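In: Give the three-dimensional model of this entry:
(chains A and B)
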Amino acid sequence: MVPFLRKRVVSSAIPLLFVVLGVFFLARMTGNPVDLYLPLSATPEQRADFSAAQGFDDSVPVQLWHYLTGAVQLDFGTSLRTGQPAATMVLDAFPVTLQLAGVTMLLAISGALLVGSLAAYRPGSAIDRIAGLLSMTAASIPDFWFAIVGVLVFGVSLDLLPTSGTLGGPEVWILPVATLLIRPFGVLVQVVRGSMVGALSAPYVKIARSKGADARRVVFGHALRNAVTPVLTVAGDLTVALVNGAVIVETIFGWPGIGKLMIDSILQRDFAVLQAAVLLTAVTIFALNILVDVCHALLDPRVRQAVPA
Amino acid sequence: MKSSASSAPSVSSDARPGRGRSRTLLTLLLSGTMLLSGGCAVANGDSAGDAGSADGRTLRVVLTQEPPTLEPCESSLTATGVVVRSNITEPLVERDPTSGELRPLLATGWTQTRPTTWTFDIRPGVTFQNGDRFDAQDAAFSIDRAVNSDLACNVDGYVFGDEELDVRVVGPTRLTVTTEKPDPILPLRLSFVEIVPRTTDTEAKVRIPVGTGPYAVQSWQAGSAISLTRNEDYWGEAPAYPRARYVWRGDASVRAAMIDKGEADIAMSLDPMDAEKKTTVDYPNNETTALRLDGREAPLDDLRVRRAIGMAVDREGIADALLGGLAEPAAQLVPPGVVGHNDALEPTPYDVDAARALIEEAAADGVPTGREITLVARNGQFAGIAETAEALQYELGRIGLKVKVRMADTATQLQYQLRPLPRGVGPIALLIMHGNQAGDAAFTTSQYLLSDGPQSTFGTAELDRRIAAAGGLSGAARQRAFAGLLAHQNASVAQYAYLAHMRGLLGLSPSVRYRPNSATGDEMRLADVSPAKAADAADAAKAAEPARAAKEVRH
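Out: Model (predicted):
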């Protein structure tokens, strides 16, 4: 396992470096943020002073050096927009997104394993057809539409849930998580079903049935464990997308997460916050990918054995 | 469980392979879910939503975005000013948004004691929210900090340009402010300077301010809410609500839903599609939309082409169909109520045939009318802007011009709006929205009409001369001068094809009474809001007063 982990860490670290450098250079190609932060009537001298104070008049390599040396010391600079340390803003926002992504994916995976397995147990049955219809619908619904309709129906018309916000009991989680959940759930149900149909027709399952194993044990004890590998891969990709920020949900429901923060910092050319946010999410995704690989290796010894020491 | 180490799965029905792991996995999934949900729920114990419960003692306001800062010298930024101005901090002088007249606030009076000097008498008996007494030194400090410091305050550039002020304390309740040139509207400019204690940081902007206003900042939960509490030592009339709470939602339909559901009392900037609701009220927001035509580039360098563009715009149609009726066709950049507004100017009549004839005439004289014009507009600047840009593209196409639309984000659009203007981008028609919240046309003309104005593409020597002359006048002469030069701009310069004077839409819960005005979008005074029951009782008492008086007379 150690050589396997070492290889995965090295191979994941290179893309991480490219992402960090790419964001640094691409952000600077969008132009000088001075116009956004100084009064419209600021004089050329005031603009020059502001640029100098923020280090924008340094050459790009010098700015990169400052960024990298600061990052090593965990100093990511100060937000132009709020005057707060960029690291503080990012660390405040990231747990919000992680919580949303965590709850969403736990529910999506649990639900998909159950529904997908039931559908796969008898292909072509009523349950399979309903599950197929629901999962296709769920995977196709635009999340912004679902969110707004959810607010109007469950928040206003039926008066069952709060329209938005983060402060409150479990009810404040329902609409945001439902909005985030619907697509991953739909996709995962289809993946689980497809994978399980293959696993349930494998010889070892037939043997289990012939030995008198009941349906629950056949599905969840034998087939699911061997069918879960592709599910893990897809779930990992979906989780990465959520960790990158659920911008629509964060905007509509007023959740101050990393996605909204990144979009705002892009629009406001708030380079320090953008760089810190991208670095943190990239590191998290890097860690998530390693976690998925480790899970793969644990579930499937062939993966472990394929990696030379 | 040996099977797990082999490459091919093996089966043993009595050994129940994987059952233990499945259970563990399921348990982990469920407990993880419960832990996350429960943990978050425990962390936030209030079930009334972000804005708090409808207890009648907390005024709940939902904004469009979180203020980037509450620094008072940044209060000319809309997102900051709407919370700070006249709620947390106050200026020496305030402008009545309806009448345009200046009223005393922290200054009790002011006079122009010399052509370049104004003297202000400071209100005694006022204390800051931190308990410090307010006097002329604090006022002088605040002006210096906002205007003469290196903080690069927004109010400095927006209101004072590069003007330096000499501020002197004459006594505990008197100070003088001297300008380099005579400035007849200095008190109006100072209405944008919020007063802070002399102990305020001069090296860096503050995030949470202290002022003399009717409310003080109680807490700022980053990303979620800002809570204010009533300043019980306020020198003026106490506001009706003991507390106020701001939250923010980026989506207008969610803001409207919060009013409908009773989660908020006031919602800022709703979409025109909600205008029919009983819980909304529209108001003039002093914003004007227009196409700014870059007269340095052909074919826009030809006056006939610029005038033709003005004639090709169906203002009524755009206002009704695309702006939800919340707009009035405009004939100038400043709306009614602003000093310098010319009442005699009428919107250019919509006349496609005449516009096409002008274009043909220009083409016959060698003007390259077939050159592609780029119409640049900012995403989300107002509801319906993308549709408006497309409608303008169609209308200009009808008169023989070739137009492409470029929708841009704020930073990109500002590159087209501000000097130095981009080079090598061809003729640009920029869709702008200008808000004159200061109430005087000088703030518009110096920016948008001067030849070298920060937001102007060109001008004429005659227009520059008239703008400079008007800026030195006061009273009726000032009004006449600015009105005249706005007419001159339309007739002889035509840098702008005006669209409309815009109106804002406010969501208002039935439980509160508030009458929005042209300043509401930038400065929403919480003290002007009252609970509907109390307001109704006061109205009833007022109505009963004449009847009681009449009875007493009869007796």
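In: Could you check the pLDDT of B:G18?
Out: At B:G18, the model reports a pLDDT of 40.
In: continuing past the lengthiest helix in chain A, what's the next helix or strand?
Out: Assignment by DSSP state H gives helix A:86-121 as the longest helix of chain A. Next helix or strand after helix A:86-121 toward the C-terminus (DSSP states H and E): helix A:126-140.
In: Please name every helix or strand in contact with the longest helix of chain A.
Out: Packed against helix A:86-121 by the contact rule (3 or more C-beta pairs under 8 Å, 6 or more residues apart in numbering or on different chains; DSSP states H and E) you find helix A:126-140, helix A:171-200, helix A:224-243, helix A:247-252, helix A:258-267, helix A:271-299, helix B:19-43. Yep, even glycine has a C-beta here, placed from its N, CA and C like the rest.
In: of all these, which lies closest to B:I318?
Out: Proximity to B:I318 (C-beta to C-beta) singles out helix A:258-267 among the helices and strands packed on helix A:86-121, at 26.3 Å.
In: Can the closest one be said to contact chain B?
Out: Yes - residues of helix A:258-267 contacting chain B under C-beta under 8 Å from any C-beta of the partner chain: A:K260, A:L267.
In: quick one: low-confidence parts of the stretch 151-300 of chain B?
Out: B:157-158, B:161-162 (pLDDT under 70).
In: re the thing from before, pLDDT on the longest helix of chain A, on average?
Out: Here the average pLDDT along helix A:86-121 is 92.
In: Which of the helices and strands packed on helix A:86-121 sits closest to B:R245?
Out: helix A:171-200 (16.0 Å).
In: by contact count, what packs against the closest one?
Out: helix A:86-121, helix A:126-140, helix A:143-150, helix A:224-243, helix A:247-252, helix B:19-43.
In: I'd like these as a markdown table, with mean neighbour count appended.
Out: Formatted as a markdown table, these follow (neighbours: other C-beta atoms under 10 Å in any protein chain shown):
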| stretch | mean neighbour count |
| --- | --- |
| helix A:86-121 | 22 |
| helix A:126-140 | 15 |
| helix A:143-150 | 18 |
| helix A:224-243 | 20 |
| helix A:247-252 | 24 |
| helix B:19-43 | 14 |
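In: can the ones you listed go into CSV with extra columns for distance to B:G317?
Out: What follows is these, written out as CSV (distance: least, C-beta to C-beta, whole Å):
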stretch, distance to B:G317
helix A:86-121, 43
helix A:126-140, 37
helix A:143-150, 28
helix A:224-243, 42
helix A:247-252, 32
helix B:19-43, 50
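In: closest to A:G22 out of the ones you listed?
Out: Here helix A:224-243 is closest among those (C-beta to C-beta), at 16.9 Å.
In: which helices and strands does the closest one pack with?
Out: Checking 3+ C-beta pairs under 8 Å, 6+ apart, helix A:224-243 ends up next to helix A:86-121, helix A:171-200, helix A:271-299, helix B:19-43.
In: Next, the residue of the stretch 51-200 of chain A found nearest chain B: secondary structure please.
Out: The stretch 51-200 of chain A approaches chain B most closely through A:G165 (3.5 Å), counting by C-beta to the nearest C-beta. The assignment at A:G165 comes out as coil when based on DSSP: H, G, I helix; E, B strand; the rest coil.
In: wait, doesn't it sit right on A:I174?
Out: No - taking C-beta atoms under 8 Å as the definition, A:G165 is not a contact partner of A:I174, at 12.0 Å.
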